[in-house]
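>>> A structural model of the following input is requested.
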Amino acid sequence: MQRESSRTLRDQLPAWFPRGLSLLHDPTLNKGTAFSEQERDQLGLTGLLPPHVCSQDEQMARVLGNFRRLPTPLEKYIHLTSLHDRNETLFFRVVTEHPDEMMPIIYTPTVGLACQKFGHIFQRPRGLFVTANDRGRVRQLLRNWPYRDVAMIVVTDGERILGLGDLGSSGMGIPVGKLSLYTACAGLRPAQCLPVMLDVGTNNVALREDPLYLGLPQPRLTGAAYDELVDEFVVAANEVFPGVVVQFEDFANHNAFRLLAKYRDRVCTFNDDIQGTAAVALAGLYSALRVTEGSLAQQRLLFLGAGEAATGIADLVAADLMVTGMTAAEARGRSWLFDSKGLVVAGRGDLAAHKRPYAHEHAPSTSLVGAIRALQPTVLIGVAATGGTFTREVLGAMSDLNRHPIVFALSNPTDKSECTARQAYEWTDGRALFACGSPFDPVTFGGRLHVPRQGNNSYIFPGLGLGAVAVKARRITDAMFLAAARALASQVKPQDLAQGSLYPPLSQVRGVSAHIAVAVAEVAFAQGHARIERPADLLAHVRSCMYEPNYESYA
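Got it, this is the predicted structure:
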């Protein structure tokens, strides 16, 4: 019998419910020292635990004390992973109540290092590994997953992990981390979440030669064979888990764009690197424009980088501008790309398809400073994963052109950031409106405290996914991402803007996610993509779908 999630437990425990050590070894049901004396008697636990019955608060205090004594982020990551593996409810209680402290550990920037060390720090499997050798039996593998109510899958093939490149099967840390945020930030039940690694090999020779590498030690599958495996997975996922949302994560550019185009009108799917990044960046722009008192139509955007993130942001900005009446050409003309070869212009003959809509008529330039002086952008967005590229000269040029230059250094992990927060403020005389992809401490400059906040996708994708799941959406559309961006920006208060924060505090992320979910659900109903009847109170319905990490009584 397939297990149901623990949420369905009521007065009488089902026959499959484990007892004794088996219960203590099941992270989805284990409460550790919090089992009551009655539960211990009924479930064969008496004598297997210390006699003191702890509250969840006492357990959390112990976890936090041990966590805070650890000297490095990676050791803290391993500590939290171990907690996740033995007591899921306590793990999510800790993360939910301390998001500012925990999210940089369970996700960016620490998760990047954890992926690099995956085979060396591995303790217990989590998620589903579908390999190139599993073609023809992917449905069987998916049916091995013990939970039937999966509503959200995050899948990667590990080829472009953050700014770190091809990490092969070691990239599994990304889907695991993303889905932890779906639960912590938006309340998707853990049993609804499935991390998947499509292990098609790796072209990272150092990994293939590492004796502790856990993936297929072979070159990457490509061409028709690769497409057949992905297609088998997408079809099987929707058969085994009807209505599931499939989030593509950290696929390389040459696959990410075409897979999104292939599946977005066939199943409920999105690519967070393209669309989620776009929505969180657009929300940051909305917030910045409240300070500059300008309109989006008045902005000129220059992107350092021309991959998934850059063109995703540019596409969503263009979509927003077209809503106001601009033509597609006019809307796209507000965004310019600068890649490894220089300014993307119409005369270049080496352009990938996703860059061509932003290849405008202009003289070539191989200097970022030169491009800034020629184009006079109001917004500079870094998404090239090349650290230190927003130099003093670059930010000085932006500052010369704009009273409040809008500067987003969105690459992560931290060593890939285009500049630090301190550099952004100091090199613009404290006038920059700054957002970052990695966490930075507050900066005091010119007698003013600046509090930068991450333009992190964790503000967008959890709420978007919650909204889609809550109304059983058939599709995820660009209009939903626009609505999510507006909903996120609406949660930024005047006191946030006064200290330079373009996003709300992470401590409020569950409330923010609920509002985003409502906005997404409204679009789903308006576009005919919702598969439930509209509730009388949509916010109440969304909140009723949100998991709270509190122990249940089994007695």
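
>>> so who does Asn514 touch?
No, residue 514 isn't Asn; it's Ala. Residues near Ala514 by Cβ atoms under 8 Å, 6 or more residues apart in numbering: 186, 463, 466, 539, 542-543, 546. Where C-beta positions appear, they are placed from N, C-alpha and C, glycine not excepted.

>>> 6 Å - rerun?
Going by Cβ atoms under 6 Å, 6 or more residues apart in numbering, Ala514 touches 542-543.

>>> can you check Pro377 too?
300, 302.

>>> sec struct for it, please.
Classification of Pro377 by DSSP: H, G, I helix; E, B strand; the rest coil places it in coil.

>>> Check Arg7 and give its pLDDT.
In the prediction, the pLDDT value recorded for Arg7 is 42.

>>> so the residue lying closest to Pro439 once chain neighbours are set aside is in which element?
Closest residue to Pro439 apart from its sequence neighbours, by Cβ to Cβ, 6 or more residues apart in numbering: Pro104 at 5.0 Å. Using DSSP states H and E, Pro104 maps to helix 99-106.

>>> before we move on, what about Ala540?
helix 538-544.

>>> List the buried residues for that helix?
Under the neighbour-count criterion of 16 or more other Cβ atoms under 10 Å, helix 538-544 has 538, 541-543 buried.

>>> Likewise for stretch 508-523?
Buried residues in stretch 508-523, defined by neighbour count with 16+ other Cβ under 10 Å: 509-510, 512-523.

>>> isn't Thr277 right up against Glu308?
No - Thr277 is beyond contact range of Glu308, at 7.5 Å (criterion: Cβ atoms under 6 Å).

>>> Could you check how far the residue nearest to Ala479 when sequence neighbours are not counted is from Ala487?
In space, and not counting its chain neighbours, Ala479 is closest to Val523: 5.0 Å by Cβ to Cβ, 6+ apart. Counting by Cβ to Cβ, to the nearest Å, the gap between Val523 and Ala487 amounts to 10 Å.

>>> just Asn133 next, same as before
Look at Asn133 and Ala487: by Cβ to Cβ, they are 43 Å apart.

>>> try Gln218
In terms of Cβ to Cβ, Gln218 sits 44 Å off from Ala487.

>>> between the two, who's got more neighbours?
Higher neighbour count among Gln218 and Ala487: Ala487, with 25 against 16, using other Cβ atoms under 10 Å.

>>> Tell me if I am right that the more buried one is in a strand.
No - counting by three-state DSSP, Ala487 falls outside a strand, being helix.

>>> Can you name the residues that contact it?
Residues near Ala487 by Cβ under 6 Å, 6+ apart: 515-516, 519.

>>> Same list, those, but as a markdown table with pLDDT, distance to Gly163 and secondary structure please.
Compiled in a markdown table, those are given as follows (pLDDT from 0 to 100; distance: Cβ to Cβ, whole Å; DSSP: H, G, I helix; E, B strand; the rest coil):
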| residue | pLDDT | distance to Gly163 | secondary structure |
| --- | --- | --- | --- |
| His515 | 98 | 30 | helix |
| Ile516 | 98 | 26 | helix |
| Ala519 | 98 | 30 | helix |
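
>>> Among those, which one sits closest to Tyr147?
Nearest to Tyr147 among the contacts of Ala487 is Ile516, at 25.2 Å by Cβ to Cβ.

>>> The closest one reaches Pro462, doesn't it?
No - counting by Cβ under 6 Å, Ile516 sits too far from Pro462 to count as a contact (8.1 Å).

>>> Any chance you could list what contacts the strand or helix carrying Glu39?
Per DSSP H and E, Glu39 falls inside helix 37-42. Defining contact as Cβ under 6 Å, 6+ apart, one finds that helix 37-42 is touched by 46, 554-555.

>>> Buried among those? Need that as a selection in ChimeraX.
Per 16+ other Cβ under 10 Å, the buried members of the contacts of helix 37-42 correspond to this ChimeraX selection:
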select :554
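
>>> Among the contacts of helix 37-42, which one lies nearest to Gly342?
Of all the contacts of helix 37-42, Tyr554 has the smallest distance to Gly342: 63.6 Å, by Cβ to Cβ.

>>> how close does Asn271 sit to Ala374?
Taking Cβ to Cβ, one finds Asn271 at 32 Å from Ala374.

>>> From the neighbour counts alone, determine which of the two ranks first.
Per other Cβ under 10 Å, whichever of Asn271 and Ala374 has more neighbours is Asn271, with 25 against 15.

>>> I'd assumed Leu259 was in contact with that one.
No - applying Cβ under 6 Å as the test, Asn271 and Leu259 come out as separate, 7.4 Å apart.

>>> Spit out the residues that contact these two alike.
Residues touching both Asn271 and Leu259 by Cβ under 6 Å, 6+ apart: Phe248.

>>> sorry, back to before: could the contacts of helix 37-42 be laid out in a markdown table, adding distance to Asp320, pLDDT and secondary structure?
Formatted as a markdown table, those follow (distance: Cβ to Cβ, whole Å; pLDDT from 0 to 100; DSSP: H, G, I helix; E, B strand; the rest coil):
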| residue | distance to Asp320 | pLDDT | secondary structure |
| --- | --- | --- | --- |
| Thr46 | 61 | 97 | coil |
| Tyr554 | 50 | 92 | coil |
| Ala555 | 54 | 79 | coil |
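
>>> just to revisit the earlier point, part of a helix, is the residue nearest to Ala479?
Yes - applying three-state DSSP, one finds Val523 inside a helix.

>>> okay but it is in contact with Leu482, surely?
No - contact status for Val523 versus Leu482: not in contact, 8.2 Å apart, counting by Cβ under 6 Å.

>>> Could I get the full set of strands for this protein?
128-131, 152-156, 193-199, 245-248, 269-271, 301-304, 335-339, 342-343, 379-382, 406-409, 433-436, 443-445, 448-450 (DSSP state E).

>>> ok now the fourth one, how far from the chain's centre?
Relative to its chain's centre, strand 245-248 lies at 11 Å (Cα atoms, centre = their mean, to the nearest Å).

>>> in its sheet, what does it sit against?
Applying DSSP bridges, strand 245-248 is found paired with strand 152-156 (parallel), strand 269-271 (parallel).

>>> which one of these is the most hemmed in?
When you average the neighbours per residue for each of these (mean count of other Cβ atoms under 10 Å), strand 152-156 leads with a mean of 27.

>>> what's the average pLDDT for it?
When pLDDT is averaged over strand 152-156, the result is 98.

>>> next one: stretch 419-429
So the average pLDDT for stretch 419-429 ends up being 98.

>>> Quick one: end-to-end distance for it.
From its first residue to its last, stretch 419-429 covers 15 Å (Cα to Cα, to the nearest Å).

>>> which intervals of this structure have sub-threshold pLDDT?
Applying pLDDT under 70 to the chain flags residues 1-11.

>>> ok, now with 90
For the chain, residues meeting the criterion pLDDT under 90 lie at 1-16, 108, 162-163, 347, 349-350, 412-414, 438, 456, 555.

>>> can you pull the contacts of Leu401?
Gln376.

>>> hey, where'd the helices end up in the stretch 451-555 of the chain?
Secondary structure of the stretch 451-555 of the chain (DSSP state H, counting those that start in this stretch): helices at 461-470, 478-490, 494-498, 509-526, 538-544.

>>> okay, the ones you listed in CSV with distance to Glu330 next?
Formatted as CSV, the helices of the stretch 451-555 of the chain follow (distance: least, Cβ to Cβ, whole Å):
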stretch, distance to Glu330
helix 461-470, 28
helix 478-490, 18
helix 494-498, 29
helix 509-526, 24
helix 538-544, 35
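
>>> Any idea which of those gets closest to Leu296?
Nearest to Leu296, of the helices of the stretch 451-555 of the chain and by Cβ to Cβ, is helix 478-490 at 10.8 Å.

>>> got a list of contacts for stretch 85-94?
Outside stretch 85-94, the residues that touch it by Cβ under 6 Å, 6+ apart are 27-28, 30, 32, 59-60, 63, 83-84, 124, 183-184, 190, 549, 551.
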